[in-house]
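> This is a predicted model, with the sequence first.
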Amino acid sequence: MASFLSAIEPYLPQHEGLLPKWLLFVSTVSVLNSVQAYLTLTYTARVYSEDPSLNGSNKKSDEPPHRASGHPTSTATPLSSRLFGTWTVIQSIVRMYAAYYISNPQIYQLAFLTYAVAFAHFVSEWFVFGTVKWGAPLAGPVIISTSSLVWMWLQWGYYVQ
């Protein structure tokens, strides 16, 4: 394990503090999430698990044929899953740049805004559009975006001079 860590250490962000490493970690996980969004609809359908047009009913006869298997009330489609994957990988790229260039105010601000957009998206899908419900699939993105926003807000003066 020690040799693995020493082997990857030169590739990790060299700034002090944990925030750059957090940004890199979230970015890496998000890239993997993007890959799965292209390969399968299953996980995207878990997040977007509610169809507001069904108004609480579970009428399977009215379901379009593209519904995700195992998620009969999901509005997720293969196209929406791939779009979500594309959106996620773009945000991942910005966050990865921020991990390595965290003292650059413009890059820091862009990374901060990626979390603000993610937070706004998931909360609006929950409260406004009703396509998601509270649970583990939604809790992850909301907790990560919220905690990252607060952390970055509090650490602005430490990283950006």
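Everything's here; your move.
> middle-most residue in this protein, spatially?
Nearest residue to the geometric centre of the chain (Cα atoms, centre = their mean): P141, 5.4 Å.
> what's the helix or strand hosting that residue packed up against?
Assigned by DSSP states H and E, P141 falls within helix 136-159. Secondary-structure packing of helix 136-159 (3 or more Cβ pairs under 8 Å, 6 or more residues apart in numbering; DSSP states H and E): helix 19-39, helix 42-47, helix 105-127. C-betas here are computed from N, CA, C, even on glycine.
> What's the local residue count around the closest residue to N104 other than its chain neighbours?
Leaving aside its sequence neighbours, N104 sits nearest to V160 (Cβ to Cβ, 6 or more residues apart in numbering; 7.6 Å). V160 is flanked by 15 other residues according to other Cβ atoms under 10 Å.
> which residues touch V160?
For V160, the contacting residues are I102, S103, N104, P105, Y108, by Cβ atoms under 8 Å, 6 or more residues apart in numbering.
> now do S53
Counting by Cβ under 8 Å, 6+ apart, S53 touches no other residue.
> Before we move on, what's the pLDDT of it?
S53 carries a pLDDT value of 70.
> what separates it from V89, distance-wise?
Going from S53 to V89 by Cβ to Cβ, to the nearest Å gives 30 Å.
> got it, and A2?
The gap separating A2 from V89 is 32 Å, by Cβ to Cβ.
> again, but for S145
Separation of S145 from V89 (Cβ to Cβ) stands at 16 Å.
> What of R46?
For R46, the distance to V89 (Cβ to Cβ) stands at 19 Å.
> Where does pLDDT dip in the protein?
Scanning the chain for pLDDT under 70 picks out 54-72.
> let's see 80
For the chain, residues meeting the criterion pLDDT under 80 lie at 1-2, 5, 50-73.
> Now the phi/psi pair for the residue nearest to Y48 when sequence neighbours are not counted, please.
Excluding the flanking residues, the one nearest Y48 by Cβ to Cβ, 6+ apart is A76, at 4.5 Å. When read as degrees, to the nearest 10, the backbone of A76 gives phi -70, psi 140.
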